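Asks: no FASTA, just this:
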C-alpha cells in the first residue's frame, strides 16, 4: 500500500486549517484577554472546524481507497482472504442476493459460495463503504478497523476521543446550518482549537500508518497462505 497521495492531501488540508488558526491567534492577541475579537475572525473559529474536519475525512477516505486498491491489485482469491475481510470483499455478492428478485435469490446465494471454490479473486472497492465514509466519527474509524481485521484501537491517544467528537459535532452544526460559524466557535479559543488540530493530525497519520502496516504485512490474507504473498514481494 502506498499512502503518499493520502498523506500529501492531508498535509495540504491541515496547512489550510493552520492558516485559519494563525488568523485567530493574531486577532486574540490584538484584542487582549477576555476581549471579544471582530466578527470576521470570530467566524473563523467555526470555519476552522469545517476545514479541519475536511482533513480528517480526506485522510480516512483516501487511506481506505489506497488500502483496497493495494488488495485489489494482489488478485487474492476470496478463499485466501481473512474471513472478516470478506464482509467487504463479498459486497457485490451480498447486493446480488438482496437486490435480485425472488426467482434469482437462490442462484445468487449459490454463486456467492461457488466463488470460494472457483478461484474468484477479491474485487475490493470503496463503493462498498460509501455510506460508512460519509461522516467520520471515532466509531467510524473503529468500524473500518473491524471490517479490515485490524487488531488495534482507532487511536493511540485516549484524549483524542473528546477532541474528535467536538470536531465532528461542530463541523456538522456549521455544515448543516444548525449553527452559524460564529455560534459554533463561541466560547473557544486558539489554544483549544490548536489542540484539536494536533489531535486531527495525530489520528489521521496513525490511521494511515496502521493501514499501511496491515496491508504491507498482508494481514488481510489468512495465515496459512500469507507467506506466499509476502515472498512474492
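Replies: It's in. The structure displayed is predicted, hence computed values, not measured ones.
Asks: Return the set of buried residues in the lowest-mean-pLDDT helix or strand in the chain.
Replies: Every helix and strand of the chain was ranked by mean pLDDT, DSSP states H and E. The lowest is helix 91-99, at a mean of 83. Going by neighbour count (16 or more other Cβ atoms under 10 Å), the buried part of helix 91-99 is 91, 93, 96, 97. Heads up, the C-betas are built off the backbone N, CA and C, glycines and all.
Asks: same thing with stretch 177-191?
Replies: Quick answer for stretch 177-191 (16+ other Cβ under 10 Å): 179, 181, 182, 183, 184, 185, 188, 190.
Asks: And what about the closest residue in space to the second one that isn't next to it in sequence, helix, strand or coil?
Replies: Leaving out its chain neighbours, the residue that sits closest to residue 181 by Cβ to Cβ, 6 or more residues apart in numbering is residue 46, at 3.1 Å. Secondary structure of residue 46, reduced to three states by DSSP: H, G, I helix; E, B strand; the rest coil: helix.
Asks: Compute the number of surrounding residues for residue 46.
Replies: 21 (other Cβ atoms under 10 Å).
Asks: so it touches residue 184, yeah?
Replies: Yes. Using Cβ atoms under 8 Å, residue 46 is in contact with residue 184, at 3.5 Å.
Asks: shared neighbours, those two?
Replies: 170, 174 (Cβ atoms under 8 Å, 6 or more residues apart in numbering).
Asks: Show me the shaky parts of the protein.
Replies: Within the chain, the segments meeting pLDDT under 70 span 233.
Asks: Mind jotting down where the helices sit in it?
Replies: 4-31, 39-74, 86-89, 91-99, 105-114, 138-148, 160-175, 181-185, 190-216, 223-231 (DSSP state H).
Asks: Figure out how far the fifth one is from the centre of its chain.
Replies: The reference is to helix 105-114. 32 Å (Cα atoms, centre = their mean, to the nearest Å).
Asks: hmm, back to that, max pairwise distance over the buried residues of helix 91-99: which two?
Replies: Considering Cβ to Cβ, no two members of the buried residues of helix 91-99 lie farther apart than 91 and 97, which are separated by 10.9 Å.
Asks: would you turn the helices of the chain into TSV with distance to residue 127?
Replies: Converted to TSV, these look like this (distance: least, Cβ to Cβ, whole Å):
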stretch	distance to residue 127
helix 4-31	18
helix 39-74	10
helix 86-89	10
helix 91-99	8
helix 105-114	18
helix 138-148	14
helix 160-175	23
helix 181-185	32
helix 190-216	18
helix 223-231	24
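Asks: For residue 80, find the nearest of these.
Replies: Using Cβ to Cβ, the helices of the chain put helix 223-231 closest to residue 80, at 4.5 Å.
Asks: From the chain's centroid, how far away is that closest one?
Replies: 27 Å.
Asks: Give the other helices and strands that that helix contacts.
Replies: Packed against helix 223-231, as judged by 3 or more Cβ pairs under 8 Å, 6 or more residues apart in numbering; DSSP states H and E, are no other helices or strands.
Asks: Check the chain and tell me which residue is nearest its centre.
Replies: Nearest residue to the geometric centre of the chain (Cα atoms, centre = their mean): residue 60, 2.2 Å.
Asks: quick one, what contacts that one?
Replies: Residue 60 neighbours (Cβ under 8 Å, 6+ apart): 133, 136, 140, 141, 144, 204, 207.
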